[in-house]
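Asker: Following is a predicted model, sequence given first.
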Amino acid sequence: QLQASGGGLVQLGGSLRLSCAASEFNMDDYAITWLRQAPGKEREGVLCISGSGRITRFADSVEGRFSISRDNAKNTVYLQMNSLKPEDTAVYYCATRTGPYCSLGRYEYWGQGTLVTVSS
């Protein structure tokens, strides 16, 4: 139901843009959250954009470097990642609770995950 894409290998300081597209429902009014799971660590929330476009940051480590946006015409949410660091290496997931507000947990739909590797 959600397809995450855009991951890859990037050097320290580089940028990537991840995409999360919905294929079977209209995500316009839903909050979409990006999460990540680094090797050997628990999954953590990164950023969320609500149905109205309000942004919630869950990870302090991405402040000033990552941003989230949505293009309702394309039924897609983006995670723009700049100034990437090796500690950003993780599998990135998008997820939704099919409600308008950002909150962690109890997601109904998940993207399959896309791997981001930042080399030093």
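Answerer: Received the coordinates, thanks.

Asker: For the rest of this, base every contact and every neighbour count on C-alpha atoms.
Answerer: OK.

Asker: center of the chain, which residue is that?
Answerer: Central residue of the chain (C-alpha atoms, centre = their mean): residue 34, 2.6 Å from the mean position.

Asker: That one sits in which helix or strand?
Answerer: If you go by DSSP states H and E, residue 34 is part of strand 32-37.

Asker: May I have that strand exported as CSV, CA atoms only?
Answerer: Taking C-alpha atoms only, strand 32-37 is exported to CSV below (Å, rounded to 0.1, in the frame of the first residue of the first chain):
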residue,chain,number,x,y,z
ILE,A,32,2.7,10.1,7.0
THR,A,33,5.7,9.3,9.2
TRP,A,34,9.2,8.5,8.2
LEU,A,35,11.0,6.1,10.5
ARG,A,36,14.4,4.5,10.3
GLN,A,37,16.2,1.5,11.8
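
Asker: What is that strand packed up against?
Answerer: Strand 32-37 sits against strand 44-49, strand 90-96, with contacts defined as 3 or more C-alpha pairs under 8 Å, 6 or more residues apart in numbering; DSSP states H and E.

Asker: Most tightly packed of the ones you listed?
Answerer: Of all the helices and strands packed on strand 32-37, strand 90-96 has the most neighbours on average by mean count of other C-alpha atoms under 10 Å, namely a mean of 25.

Asker: what does that strand contact?
Answerer: 2-4, 7, 20, 30-39, 107-117 (C-alpha atoms under 8 Å, 6 or more residues apart in numbering).

Asker: follow-up on the earlier one: the strand holding residue 34 pairs with which strands, parallel or anti?
Answerer: strand 44-49 (antiparallel), strand 90-96 (antiparallel) (DSSP bridges).

Asker: Let me have these in TSV, extended by distance to residue 55 and mean pLDDT.
Answerer: Formatted as TSV, the strands paired with strand 32-37 follow (distance: least, C-alpha to C-alpha, whole Å; pLDDT from 0 to 100):
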stretch	distance to residue 55	mean pLDDT
strand 44-49	5	98
strand 90-96	14	97
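
Asker: Minimum distance to residue 103: which of those strands has it?
Answerer: Closest approach to residue 103 among those (C-alpha to C-alpha): strand 44-49, 8.1 Å.

Asker: Let's see the closest one as PDB, backbone CA atoms only.
Answerer: Backbone C-alpha positions of strand 44-49 (Å, rounded to 0.1, in the frame of the first residue of the first chain) are rendered in PDB as follows:
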ATOM      1  CA  GLU A  44      13.000   5.400  15.600                       C
ATOM      2  CA  GLY A  45      10.600   8.000  14.200                       C
ATOM      3  CA  VAL A  46      12.300  10.700  12.100                       C
ATOM      4  CA  LEU A  47       9.700  13.200  10.800                       C
ATOM      5  CA  CYS A  48       6.000  13.300  10.200                       C
ATOM      6  CA  ILE A  49       3.800  15.500   8.100                       C
END
